[in-house]
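Q: Need a 3D model of the sequence below.
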Amino acid sequence: MKTRKITPELRDYLKKPLGQLIKLEGDAQIDLLMRVITEYNPVKIISVGDVITETLLKNNITPDLYIIDGKTLRNKFISNLISKCDLKIVNKPGTVDSSAWSAIETCLQQGGRKGLLVEGEEDLLVLPSVILAPLGSAVLYGQPGEGVVIIKVDFETKQAFRKILDLMEETADE
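A: Coordinates of the predicted model:
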């Protein structure tokens, strides 16, 4: 996979939730989130983002893979997860770097609990996370100012995310 860069047309599209949005306005919504995850019973849980990862852990759900960048809404996010990451990767803002893709793929193949610390931005790494996740997985990410999005990974979802990735510009790896 070559490094991909977001286009202006895709930027607006990707601001919308790409799965089921659960508004996180209080304990009732946290309970709803935990209930949805428990009922779905995913084969793997992948979280993309610092706040959603912390929220899952505080509620006794440990992601199989978490991808964080030490920021929330472009501000520093203090977390002890940063020191627990298995691998540090680079992913420039607005891109899906080929090395980040490979790191996600390797972590999912190896199994066990893994953490990736991103230098740059982790937002678009939702795309390869869905494409590479085993069927029956759940990918969760934060929707700024709204809540959390849960993507249930099935064949159709993988195809849809592959189409989004194909609409991105290919760039040279650096």
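Q: Where do the strands of the protein begin and end?
A: 4-5, 20-23, 45-48, 65-68, 71-72, 75-76, 87-91, 95-96, 114-120, 138-143, 147-152, 169-170 (DSSP state E).
Q: Which of these has the lowest mean pLDDT?
A: Across the strands of the chain, strand 75-76 has the smallest mean pLDDT, namely a mean of 65.
Q: ok so, going back, mean neighbour count and distance to residue 31 added to the strands of the chain, as JSON lines?
A: (C-beta placed from N, C-alpha, C; glycine too.) Output for the strands of the chain, formatted as JSON lines (neighbours: other CB atoms under 10 Å; distance: least, CB to CB, whole Å):
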{"stretch": "strand 4-5", "mean neighbour count": "20", "distance to residue 31": "37"}
{"stretch": "strand 20-23", "mean neighbour count": "16", "distance to residue 31": "10"}
{"stretch": "strand 45-48", "mean neighbour count": "27", "distance to residue 31": "17"}
{"stretch": "strand 65-68", "mean neighbour count": "28", "distance to residue 31": "21"}
{"stretch": "strand 71-72", "mean neighbour count": "17", "distance to residue 31": "22"}
{"stretch": "strand 75-76", "mean neighbour count": "8", "distance to residue 31": "27"}
{"stretch": "strand 87-91", "mean neighbour count": "17", "distance to residue 31": "33"}
{"stretch": "strand 95-96", "mean neighbour count": "23", "distance to residue 31": "33"}
{"stretch": "strand 114-120", "mean neighbour count": "20", "distance to residue 31": "26"}
{"stretch": "strand 138-143", "mean neighbour count": "25", "distance to residue 31": "16"}
{"stretch": "strand 147-152", "mean neighbour count": "21", "distance to residue 31": "13"}
{"stretch": "strand 169-170", "mean neighbour count": "12", "distance to residue 31": "41"}
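Q: so can I have TSV of the ones you listed showing distance to residue 103?
A: Output for the strands of the chain, formatted as TSV (distance: least, CB to CB, whole Å):
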stretch	distance to residue 103
strand 4-5	15
strand 20-23	27
strand 45-48	13
strand 65-68	9
strand 71-72	18
strand 75-76	23
strand 87-91	5
strand 95-96	11
strand 114-120	6
strand 138-143	16
strand 147-152	20
strand 169-170	19
